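Engineer: structure, please.
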Amino acid sequence: MKTWTKGVLFVFVAALISGISIFFNKFAVSGINSDVFAFLKNLIVGILLFSVIILFYKFKELKKLTNKQWLRLSFIGLIGGAIPFILFFRGLKLISASTGSLIHKMMFLFVAVLAIFYLKERVNKAFFITAVLLVLGNALLLGYYFSGFGVGFGELLVLTATLFWAVETVISKKLLKHLDANIVAFGRMFFGSLFILAFLIFTDQFRFIFSMDASQISWVLFTSALLFGYVFFWYNGLKNVSATFATQILLIGAPVTTLFNYAFLGAAVPVSKFVGLGLILSVLALSVFLESKLNKRTFSAVNRS
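Structural biologist: Purely as a prediction, here's the structure:
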């Protein structure tokens, strides 16, 4: 139970960082080539994660990886650390941070479907009720009310990126059963940066790195720090909780992004936004309560056996 509680806390921190990160990424990527932006961020985070592995004496585990495990890590890098980052940041340039955050946080719906078949995770009836309420809460928070939500090219790019991340999440979850969380995170970010580098060279965009000014470099460094925090807490949390539940908690990032938008604009927050926020927080609290009861029963059953 202690590891499960720690996992929930780590995922919760990751959700907060994600909400903040998307807000600032919107500003950062607006003035930078989005593909170069993705490459530099992922490379920096990959290096930082490698440092964490060295710091916590996990390098021996890294050297013990089999060729099959390295291949899986590189695949995670492709579908989780390369393709979706290119798509997401290109899409984020075209839409608002709140919209991007909403689409990204809907990942829990796709993960739930994939986790049933790939991870054999059981989804109870309460999940479907909470899922509907969470979607409704986000609609109220963002003010779309479904009829006002337009689907353009930017939204499609972010949605496609989210689908890639959903697939990567369930594959990573399976790999986390046998590997340290920081090693899986390192594989995603490091190999992802290599694939993006190849893409930059192939599309003749690598030269744009050398034309960046101090302001752009500062944005890259700042958002890389946020991405490192997100990846570190996300994978260490995902290791100890179910993929479906973890991505559900991640949904709290959407309200964080929206509230940051209002705080930045200095505008009054409409009552409907507070209703949506209250609904999301209440449903997530209920989900945590139900999941904790389920884990206690499982933990007790395992001990008895």
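
Engineer: which stretches of the stretch 1-150 of the chain have low pLDDT?
Structural biologist: 1, 142-150 (pLDDT under 70).

Engineer: what segments of it are helices?
Structural biologist: For the stretch 1-150 of the chain, the helices defined by DSSP state H, counting those that start in this stretch cover 2-30, 34-55, 59-63, 67-81, 83-92, 97-105, 107-118, 125-142.

Engineer: tell me which residues are up against the shortest one.
Structural biologist: Okay, so that is helix 59-63. Ile53, Leu179, Asp180, Ile183 (Cβ atoms under 8 Å, 6 or more residues apart in numbering). Backbone N, C-alpha and C define where each C-beta goes, glycine included.

Engineer: and the furthest pair within these?
Structural biologist: When Cβ to Cβ is used, the two most widely separated members of the contacts of helix 59-63 are Ile53 and Leu179, lying 11.1 Å apart.

Engineer: more crowded one of these two?
Structural biologist: Comparing Ile53 with Leu179 by neighbour count (other Cβ atoms under 10 Å), the higher total belongs to Leu179, at 23 against 18.

Engineer: Three-state assignment for the more buried one, please.
Structural biologist: Classification of Leu179 by DSSP: H, G, I helix; E, B strand; the rest coil places it in coil.

Engineer: pretty sure it contacts Gln69?
Structural biologist: Yes - using Cβ atoms under 8 Å as the test, Leu179 is close enough to Gln69 to be in contact (6.9 Å).

Engineer: follow-up on the earlier one: so which of the helices of the stretch 1-150 of the chain comes closest to Ile209?
Structural biologist: Of all the helices of the stretch 1-150 of the chain, helix 34-55 comes closest under Cβ to Cβ, at 5.6 Å.

Engineer: other SSEs contacting that closest one?
Structural biologist: Contacts defined by 3 or more Cβ pairs under 8 Å, 6 or more residues apart in numbering; DSSP states H and E place helix 34-55 against helix 59-63, helix 83-92, helix 181-202, helix 214-238.

Engineer: understood, closing this out.
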